[in-house]
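Trainee: Below are the sequence and a predicted model for it; my questions follow.
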Amino acid sequence: MSELRDILQGRHDRLATSLRDAAEFDELTAVGTVKRRRRTRALVTSTSTVLGVGALSLGAFLLLPGASDDGDPAATLSPSPTPTVTASPSASPTTAPSAPPEPSEAAVPLVTGDDIGILERLENPTTGETWHQPTLIAAPAPLADEGGTFLSVGTRGDADIVLWVAGGFDYWTSGYEARLYEIDAAGIRWIQCPSVVPSDRCETPWAEWENGARSFDALTNYDSLTLPRAVSPAPGWSIDLTIADDMALLGNEAPGTTLTPNERAVLGYGERTVIATLGPWQLVQDQSDGFVPSLIDVRYRLVSAFGTSIELGSEAGSDYADANAAFGGPNYQGDEMLPASGTCFRADETIDPHHDADGWVAAGINVDGQRVYLPVEGGNAVSRAVYDTLFDSSWAWSDEAGDMVSGVGAYAYSTYAEFLEARSVVTWDRGDGVWVVGIQAQASQQVYECA
């Protein structure tokens, strides 16, 4: 454990030193960003009850036409089978690029650097935990007031590891919240930071939860829940996993959990491909019909053999944050770049399965060395579809009209020509021959409930 902490701390120190020495680094801004993220997380946690009412309204607003919100057997997700551990699985994306990437002369390593040691411990943990297929159990008496579902999922020493899954779907936390407890003769402990990497979740949520029979445990960590910083399933294609440090566990795929068709749609469940196997985890991508016709929306998630999952978000997918640098160098401070999808519960990545090179012109190179493209003069089929979809689906409150408005008055650009002039939509090869489509944040769909 101490060796792994040393590796992680060493990487942190090197990164901090390199940032401090960079001309563009602003220490006050960096500290402020961390504090804002902590305040945001605390706000979401403390207001979940109040937001629940709004979530019901938003859920009704998002219900797909013709889709029932009742659960059915097809919507029940079975637990993932225990994965076969392998350090270098091959990727097999379900969406074939228009032109297959050139074959690599040598297989790309799944992980590099310090992540090699982390992956070894992930596959062969030294912290004592073992996992088994989830089994439904009765609620332990001291946790009966929590509601939800309890499952036996593993052991560590004399302690049983129990997974708790909330009884209700929370639109704001991407599903059914989950926690891990250890239970032994000494009592019940809520394992707050299962990953060796420290996070805000190591801070005590609320002291009132503790009593003589249950307590917080911020010291117990599991090697098998400490993930690499990034994986490279194919040459040039890297997936960032750092958001998983927070271990925001969900029970969306646990036995006993049934997702309704609308909940599945909100979460972007679709055609699933296993990208990599990481100890007891599978890194998967779900592809579904895009919010914009002809495009495909992608969600990345980690799914464990013991019933939990982690939503990875757009940080895991293509580096939208760096796409704008193609327009003004590595220090360019332009608008934020986002997946070309809807605003509410936006996809992690949007891809173009029918990329037409003749419809795009090179605009520059981003900081990852990837060439970014803009539509040719007058636009192309993709840029037109993106504009029409976002324009037609936007609606917002207008003080001038004193009412809700859609289209003109709600969307940022009243004409397609203005949309193109603002360089609102771009594309680039993410590295493995799959073409990603992004939009400037200013060009996002406007939705009153999701503002």
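Mentor: Here it is on my side, so go on.

Trainee: Sheet partners, orientation included, of the helix or strand harbouring Y300?
Mentor: Secondary structure from DSSP states H and E places Y300 in strand 296-304. Strand 296-304 pairs in its sheet with strand 281-289 (antiparallel), strand 309-311 (antiparallel), strand 349-352 (antiparallel), by DSSP bridges.

Trainee: quick check, distance from that strand to the centre of its chain.
Mentor: Relative to the chain's own centre, strand 296-304 is displaced by 7 Å; criterion: CA atoms, centre = their mean, to the nearest Å.

Trainee: Could you do stretch 207-215 as well?
Mentor: 31 Å.

Trainee: who touches that stretch?
Mentor: Residues from elsewhere that reach stretch 207-215 (CB atoms under 8 Å, 6 or more residues apart in numbering): A141, P142, L143, G187, I188, R189, W190, F216. Glycine gets a C-beta too; all of them are placed from N, C-alpha and C.

Trainee: just the buried members of the residues you listed?
Mentor: Among the contacts of stretch 207-215, the ones that count as buried by 16 or more other CB atoms under 10 Å are L143, I188, R189, W190, F216.

Trainee: Adding pLDDT and distance to G113, write those residues out as CSV.
Mentor: Shown next, in CSV, are the buried ones among the contacts of stretch 207-215 (pLDDT from 0 to 100; distance: CB to CB, whole Å):
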residue, pLDDT, distance to G113
L143, 95, 40
I188, 97, 38
R189, 96, 33
W190, 95, 33
F216, 92, 33
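
Trainee: For those, work out which two are farthest apart.
Mentor: Across the buried ones among the contacts of stretch 207-215, the longest distance by CB to CB is 13.4 Å; it joins L143 and F216.

Trainee: Phi first, then psi, for I116.
Mentor: Backbone torsions for I116, taken as degrees, to the nearest 10, come to phi -60, psi -50.

Trainee: follow-up on the earlier one: what's the closest of the buried ones among the contacts of stretch 207-215 to A254?
Mentor: Nearest to A254 among these is L143, at 16.0 Å by CB to CB.

Trainee: Show the backbone phi and psi for that closest one.
Mentor: According to degrees, to the nearest 10, L143 has phi -110, psi 10.

Trainee: Please name the residues that touch it.
Mentor: With CB under 8 Å, 6+ apart, L143 has these contacts: F150, W164, Y181, I188, R214.

Trainee: could the residues you listed go into a markdown table alongside distance to G431?
Mentor: Listed next are these as a markdown table, based on distance: CB to CB, whole Å:
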| residue | distance to G431 |
| --- | --- |
| F150 | 42 |
| W164 | 39 |
| Y181 | 40 |
| I188 | 46 |
| R214 | 47 |
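
Trainee: Pick out the lowest-pLDDT one from these.
Mentor: On pLDDT alone, R214 ranks lowest of those, at 94.

Trainee: For it, grab the count of nearby residues.
Mentor: For R214, the count of nearby residues is 18 (other CB atoms under 10 Å).

Trainee: try G378
Mentor: Applying other CB under 10 Å, we find 11 residues neighbouring G378.

Trainee: And for F419?
Mentor: The tally of other residues near F419 (other CB under 10 Å) stands at 27.

Trainee: Name the SS class of it, please.
Mentor: helix (DSSP: H, G, I helix; E, B strand; the rest coil).

Trainee: What residues does the residue lying closest to it once chain neighbours are set aside make contact with?
Mentor: In space, and not counting its chain neighbours, F419 is closest to Y413: 4.2 Å by CB to CB, 6 or more residues apart in numbering. Each residue near Y413 by CB under 8 Å, 6+ apart is listed here: Y387, F391, F419, A422, S424, A443.

Trainee: Quickly find the element holding Y413.
Mentor: Using DSSP H and E, no helix or strand contains Y413.

Trainee: Would you check how far apart it and L249 are?
Mentor: 40 Å (CB to CB, to the nearest Å).

Trainee: Okay, and the beta partners of the residue nearest to G438 when sequence neighbours are not counted?
Mentor: Excluding the flanking residues, the one nearest G438 by CB to CB, 6+ apart is M337, at 4.7 Å. Beta-bridge pairing of M337 under DSSP bridges involves Q440.

Trainee: How many neighbouring residues does the closest residue to A347 other than its chain neighbours have?
Mentor: Closest residue to A347 apart from its sequence neighbours, by CB to CB, 6+ apart: D297 at 3.6 Å. Counted by other CB under 10 Å, the residues lying close to D297 total 23.

Trainee: so who does D297 touch?
Mentor: Residues in contact with D297, defined by CB under 8 Å, 6+ apart, are G268, G270, Q287, S288, D289, G290, F291, P339, S341, A347, E349, T350.

Trainee: where does it sit relative to E336, distance-wise?
Mentor: The gap separating D297 from E336 is 18 Å, by CB to CB.

Trainee: same thing with A396?
Mentor: For A396, the distance to E336 - CB to CB - is 19 Å.

Trainee: Over to S232?
Mentor: From S232 to E336 the distance is 25 Å (CB to CB).

Trainee: export the strands paired with strand 296-304 to CSV and tack on mean neighbour count?
Mentor: Output for the strands paired with strand 296-304, formatted as CSV (neighbours: other CB atoms under 10 Å):
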stretch, mean neighbour count
strand 281-289, 21
strand 309-311, 24
strand 349-352, 26
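
Trainee: Mind checking the ones you listed for the one nearest to R371?
Mentor: Each of the strands paired with strand 296-304 was scored for nearness to R371 using CB to CB, and the closest is strand 349-352 (15.1 Å).

Trainee: ok, residues contacting that closest one?
Mentor: 95, 290-292, 294-298, 300, 314, 317-318, 339-341, 382, 427, 430, 434-438.

Trainee: Buried ones among these?
Mentor: Judged by 16+ other CB under 10 Å, buried ones among the contacts of strand 349-352: 95, 290-292, 295-298, 300, 314, 317-318, 339-341, 382, 427, 430, 434-438.

Trainee: quick one: which of the residues you listed sit in helices?
Mentor: Using DSSP state H, the subset of the buried ones among the contacts of strand 349-352 located in helices is V382.

Trainee: Any stretches of this structure with poor pLDDT?
Mentor: Along the chain, the parts satisfying pLDDT under 70 run over 1-106, 200-201, 204, 321-322, 324-335, 451.

Trainee: Roughly how far does G268 sit from A248?
Mentor: 17 Å.

Trainee: Please identify which of those two sits among more neighbours.
Mentor: With neighbours defined as other CB under 10 Å, G268 and A248 compare such that G268 has more, 23 against 20.

Trainee: My guess is the more buried one contacts R346. True?
Mentor: No. Taking contacts as CB atoms under 8 Å, G268 lies outside contact range of R346: 9.4 Å.

Trainee: what do these two both touch?
Mentor: Counting by CB under 8 Å, 6+ apart, G268 and R346 have no contacts in common.

Trainee: ok, back up a step: now the contacts of D297 in JSON lines, with distance to V372?
Mentor: Formatted as JSON lines, these follow (distance: CB to CB, whole Å):
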{"residue": "G268", "distance to V372": "25"}
{"residue": "G270", "distance to V372": "27"}
{"residue": "Q287", "distance to V372": "23"}
{"residue": "S288", "distance to V372": "25"}
{"residue": "D289", "distance to V372": "25"}
{"residue": "G290", "distance to V372": "20"}
{"residue": "F291", "distance to V372": "22"}
{"residue": "P339", "distance to V372": "15"}
{"residue": "S341", "distance to V372": "18"}
{"residue": "A347", "distance to V372": "19"}
{"residue": "E349", "distance to V372": "15"}
{"residue": "T350", "distance to V372": "15"}
